[in-house]
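**Q** this one's structure only:
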């Protein structure tokens with residue numbers, strides 16, 4: 001048998017060569033997988049963003065659902081309240097008016113931003129309308145007082161004219177020398 005022996009130096013050289021070959025293969029695989037890894041990182045980042053966004057929206061929806069459940073319990077109890085039927089009737093009447101306004105003004109076709117701004121716009125409109133009503137009421141009161149004052153002055157002037165007429169008549173009809 002022809003055994004061949006390898007020296008320690010040759011063995012180290014072979015091991016070093018094998019390690020270099022394996023490191024080269026590992027580097028080639030890593031280089032080939034880097035675009036895949038970057039794509040996975042982007043997808044993970046995007047998924048995390050979506051998860052956070054959905055979490056916030058879910059939290060907001062949870063709050064809204066709790067509020068609407070509380071309101072629904074209140075509305076469910078309204079018919080049993082002494083004035084509940086009247087309140088429910090008023091609510092349904094206001095609701096139908098609201099639906100008519102939505103149809104009339106085309107609110108259903110508004111964008112989300114416009115719908116979100118609508119309460120502020122309506123509040124401003126209502127506030128301006130109330131201010132105009134108050135100004136109109138003040139103006140009408142002022143005009144009423146002016147009318148009352150002018151009628152009062154006119155009545156006094158009429159009374160003075162009537163008194164002056166009576167005095168003139170009495171003066172004209174009484175004999176000049178007779179004095180009572």
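**A** Received it, and whenever you're ready, just let me know what you need. Only a predicted model underlies this, so the values are computations on that prediction, with no experimental measurement involved. Numbering: from 1, shown residues only.
**Q** max-length helix in this protein?
**A** Longest helix of the chain, by residue count under DSSP state H: helix 8-77.
**Q** packing partners for that one?
**A** helix 84-105 (3 or more C-beta pairs under 8 Å, 6 or more residues apart in numbering; DSSP states H and E). For the C-beta atoms, the positions are set from N, CA and C on the backbone; glycine is no exception.
**Q** ok, then the element right after the helix it packs on?
**A** Remark: after helix 84-105, the chain's next helix or strand is helix 112-173, criterion DSSP states H and E.
**Q** where in this protein is pLDDT low?
**A** Residues of the chain that meet the criterion pLDDT under 70 lie in 1-4, 75-82, 84-85, 99, 101-112, 114-115, 118, 176-180.
**Q** okay, now the domains of it?
**A** Following automatic domain parsing, one finds the domains of the chain at 8-109, 111-180.
**Q** In JSON lines: those domains, plus mean neighbour count.
**A** Output for the domains of the chain, formatted as JSON lines (neighbours: other C-beta atoms under 10 Å):
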{"stretch": "domain 8-109", "mean neighbour count": "10"}
{"stretch": "domain 111-180", "mean neighbour count": "10"}
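**Q** Would you check how far apart residue 40 and residue 47 are?
**A** 10 Å (C-beta to C-beta, to the nearest Å).
**Q** what do the two both touch?
**A** Shared contacts of residue 40 and residue 47 (C-beta atoms under 8 Å, 6 or more residues apart in numbering): none.
**Q** sorry, back to before: how far off centre is the longest helix of the chain?
**A** Averaging C-alpha positions (C-alpha atoms, centre = their mean, to the nearest Å) puts helix 8-77 37 Å from its chain's average.
**Q** Please apply the same query to stretch 143-162.
**A** Offset of stretch 143-162 from its chain centre (C-alpha atoms, centre = their mean): 53 Å.
**Q** got it, and stretch 5-15?
**A** Relative to the centre of its chain, stretch 5-15 is centred 81 Å away, using C-alpha atoms, centre = their mean.
**Q** For that stretch, which outside residues touch it?
**A** Applying C-beta under 8 Å, 6+ apart, the set of residues contacting stretch 5-15 is empty.
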